[in-house]
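**Q** okay, sequence plus prediction incoming.
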Amino acid sequence: MALELYIHPCVQKPPHRLHPPPVDKPLRIRIQGPLESIQKLLPNVSWHNVVPFPQLGALALARLTHQALYGQGEHNMADGGLRVRDEYLAWVMEGRRPLDYIDYYGVTFDHLVPTDDLDPEVLAINIIEVDKDGGVYADGGKYANEVLSFSVNPTGYTGKKVLAVPRCCQHKKGTLDRRLINSMVAERDSEIRGRSQRPSAKRAREDTVL
Ligand SMILES: [Zn+2]
């Protein structure tokens, strides 16, 4: 059974202006997290055969996030309402060598961003695994309570919902998020244009994890 993607309400007073984002504001959104958490949201999507951009689950994760942020409103699937722009794969490493599967994933998508806007505002959201057991990222909320500006009780989440938190409610504020994410989208665009010439290189985990 799929668990609910739960975006925690803003704990800032007053709330951060992009948490939640106004529905009519063009915005680039990046959501990322451990694959084991994403699989709880999308249990029917396979991530194990990594394919060229985008993965099978990219649009599904983007849609789920879009719905959690904006609800089921008219903007949801309207023309230009949601466009997948980039993804982030963290390959499982053996020493310094990437293996052929991932354990962490992120997707970047646009909400109402005009195609000629190369530097839209960015909302970065982290999926935080808080389960008590099962999987390398499941530590009963220890990590969550280190990185978040509020405390988390894992019993509210385990088997029920998956926690996702924008930057404004984390200790790490991500001041470079906008620049990094927009430059990765630009890089992806140029990679897509040149895909016939060269295979895409695996990006190392340290490169772009936010
Ligand atoms: Zn917030």
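**A** Yep, that arrived. Numbering: from 1, shown residues only.

**Q** in terms of helices and strands, where is residue 110?
**A** Taking DSSP states H and E as the criterion, residue 110 maps to strand 97-111.

**Q** tell me the mean pLDDT over that strand?
**A** pLDDT averaged over strand 97-111 equals 94, rounded to a whole number.

**Q** and it, what does it pack against?
**A** Contact analysis of strand 97-111 by 3 or more C-beta pairs under 8 Å, 6 or more residues apart in numbering; DSSP states H and E lists strand 27-34, helix 35-41, helix 58-70, strand 83-94, helix 177-193 as its packing neighbours. Bear in mind the C-beta positions are built from the backbone N, C-alpha and C, glycine included.

**Q** which one of these lies nearest to the ion?
**A** The ion sits nearest to helix 58-70 of all the helices and strands packed on strand 97-111, at 12.1 Å, using C-beta to the ion.

**Q** quick one, that closest one and strand 97-111 angle?
**A** Counting by axes from the mean of the first three to the mean of the last three C-alpha atoms, to 10 degrees, helix 58-70 lies at 50 degrees to strand 97-111.

**Q** the residue nearest the centre of the chain: what's it in contact with?
**A** In the chain, the C-alpha closest to the average C-alpha coordinate belongs to residue 31, at a distance of 1.5 Å (C-alpha atoms, centre = their mean). Shown here is residue 31, whose contacts under the criterion C-beta atoms under 8 Å, 6 or more residues apart in numbering are 61-62, 65, 106-107, 124-127, 164.

**Q** my guess is residue 23 contacts residue 70, does it?
**A** Yes. Taking contact to mean C-beta atoms under 8 Å, the distance of 5.4 Å between residue 23 and residue 70 places them in contact.

**Q** tell me which of those two has more neighbours.
**A** When residue 23 and residue 70 are compared for neighbours, residue 70 comes out ahead with 19 against 15, by other C-beta atoms under 10 Å.

**Q** which residues are in contact with that one?
**A** Shown here is residue 70, whose contacts under the criterion C-beta under 8 Å, 6+ apart are 20-21, 23, 76, 111.

**Q** same question for residue 188.
**A** For residue 188, the set of contacting residues under the criterion of C-beta under 8 Å, 6+ apart consists of 53, 85-86.

**Q** out of the residues you listed, who's the most crowded?
**A** residue 86 (26 neighbours).

**Q** tell me what that residue is bridged to.
**A** Note on residue 86: beta-bridge partners by DSSP bridges are residue 108.

**Q** which residues of the chain score low on pLDDT?
**A** Low-confidence segments of the chain, defined by pLDDT under 70, are located at 73-81, 133-134, 196-210.

**Q** can you list the residues of this structure near the ion?
**A** Taking C-beta under 5 Å from the ion as the test, the list of the chain residues beside the ion reads 10, 16, 19, 168-169.

**Q** go again with 6 Å.
**A** In this structure, the chain approaches the ion at residues 10, 12, 16, 19, 166, 168-169, judged by C-beta under 6 Å from the ion.
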